[in-house]
Structures are given as structure tokens and as C-alpha cells.
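J.: Just need the structure, nothing else, for what follows:
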Amino acid sequence: MIDSYIKNNTLKILVKPNSPKNEIIAWDNEKQALKVSIKAPPEKGKANTEVIKFFSKLLKKKILIHSGKTSRTKVLRIQ
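T.: Here you go, the predicted structure:
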């Protein structure tokens, strides 16, 4: 399912931190991004670390945050 949203080994996501659990919520057609809930708070890189862990486990690949480290909108690089 998620593979259809990956373009040129990148994935655009919208992160909602402080959520009850880590999960993919929906696709946002307007922003062309995957909406994702993350348990961790958006402080000291905790949410970024949780995003990397979540997508690494989900895709079974190495994940880097290509852009948006301090934004809720992020672009992930899949290696």
C-alpha cells in the first residue's frame, strides 16, 4: 500500500505528534502527503526519531529525514 506513495525514493508525510499510537491515518490529496500519527512529543528530536523508527520497521529499509526536521511536513529519503 505505502509503496504507491513513494516517488524517487522519497515520501512526503504530515506528522501529528503526541498521538495515542504510531499509525498511518490517510492520504492528503491537497498536500500530496501521507498523514501519520506519532506517539512522541515534538521536542528535542523525539518525534523525528520515532518517525524514522516507524518507517524503518514498516518498510524494512533505512530511512533519513531529507527535509522538514523542525516542521510537521517532512520528506523522507528511503535507502
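J.: switch to C-alpha atoms for all contacts and neighbour counts from now on
T.: Fine.
J.: what about stretch 37-53, start to end distance?
T.: End-to-end span of stretch 37-53 (CA to CA, to the nearest Å): 13 Å.
J.: Outside of it itself, list whatever touches it.
T.: 15-25, 63-65, 69 (CA atoms under 8 Å, 6 or more residues apart in numbering).
J.: Tell me which two of the residues you listed sit farthest apart.
T.: The span of those, defined through CA to CA, is set by Pro20 and Leu64 at 23.7 Å.
J.: And the strands in the chain?
T.: 10-16, 23-28, 33-37, 63-67, 73-78 (DSSP state E).
J.: among the contacts of stretch 37-53, which ones are buried?
T.: For those, a burial check counting by 16 or more other CA atoms under 10 Å picks out 15-17, 22, 24, 63-65.
J.: Same list (those residues) but as TSV, adding distance to Ala33 and pLDDT.
T.: Shown next, in TSV, are the buried ones among the contacts of stretch 37-53 (distance: CA to CA, whole Å; pLDDT from 0 to 100):
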residue	distance to Ala33	pLDDT
Val15	10	98
Lys16	13	97
Pro17	16	97
Asn22	16	97
Ile24	11	97
Ile63	16	97
Leu64	16	97
Ile65	14	97
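J.: Now do stretch 35-44: distance to the chain's middle.
T.: Offset of stretch 35-44 from its chain centre (CA atoms, centre = their mean, to the nearest Å): 9 Å.
J.: buried stuff in that stretch?
T.: The neighbour-count check on stretch 35-44 (16+ other CA under 10 Å) flags 35-40, 42 as buried.
J.: Among those residues, pick out the one closest to Lys7, please.
T.: For the buried residues of stretch 35-44, the nearest to Lys7 is Lys35 (16.1 Å; CA to CA).
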